[in-house]
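Undergrad: Please find the sequence and the predicted model below.
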Amino acid sequence: MPSSTIRDKYNETQHRIVHYLLGGLSRGKHYFKSKYIAKELGLSAKEVGTNMAILSEICQELAIIKWSYSNSTTWMVTSKGV
């Protein structure tokens, strides 16, 4: 999906997270910890967790599933192939 469409659909924080996740997926990564996303994007882990939960409901490009908790929430992310 073009970046401009993603930008129109999500707030700035959600756009940055989706862009980060898409980059990780392109490198073969499927599991992401909130605290590492937060560190990379200059956000708090709570901001990431809140927005990941929202994205898990509304994101049409990615399947985002809360996977586990061990020192930080881990999310399993896959492309929906839209």
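TA: Nice, thanks for sending it over.
Undergrad: Which of the residues in stretch 49-64 are classified as buried?
TA: Residues of stretch 49-64 classed as buried by neighbour count (16 or more other CB atoms under 10 Å): 49, 51-52, 54-55, 59, 61-62, 64. For the C-beta atoms, the positions are set from N, CA and C on the backbone; glycine is no exception.
Undergrad: Please apply the same query to stretch 36-51.
TA: Buried, per 16+ other CB under 10 Å, within stretch 36-51: 37-38, 43, 45, 47-49, 51.
Undergrad: Can you add distance to residue 12, secondary structure and pLDDT and give the residues you listed back as TSV?
TA: Formatted as TSV, these follow (distance: CB to CB, whole Å; DSSP: H, G, I helix; E, B strand; the rest coil; pLDDT from 0 to 100):
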residue	distance to residue 12	secondary structure	pLDDT
37	15	helix	97
38	15	helix	98
43	11	coil	98
45	18	helix	92
47	11	helix	96
48	13	helix	97
49	17	helix	94
51	10	helix	97
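Undergrad: which one of those residues is nearest residue 14?
TA: residue 51 (5.2 Å; CB to CB).
Undergrad: Tell me who's in contact with that closest one.
TA: Contacts for residue 51 (CB atoms under 8 Å, 6 or more residues apart in numbering) come out as 13-14, 17.
Undergrad: what do you get for residue 36?
TA: residue 72.
Undergrad: a helix runs through it, doesn't it?
TA: Yes: under DSSP: H, G, I helix; E, B strand; the rest coil, residue 36 falls within a helix.
Undergrad: From residue 20, how far out is it?
TA: 10 Å (CB to CB, to the nearest Å).
Undergrad: Over to residue 9?
TA: 16 Å.
Undergrad: So residue 20, which state does it fall into?
TA: Per three-state DSSP, the secondary structure class of residue 20 is helix.
Undergrad: Could I get the pLDDT score of residue 72?
TA: On the pLDDT scale, residue 72 is placed at 84.
Undergrad: For it, which non-adjacent residue is closest in space?
TA: residue 35 (3.8 Å; CB to CB, 6 or more residues apart in numbering).
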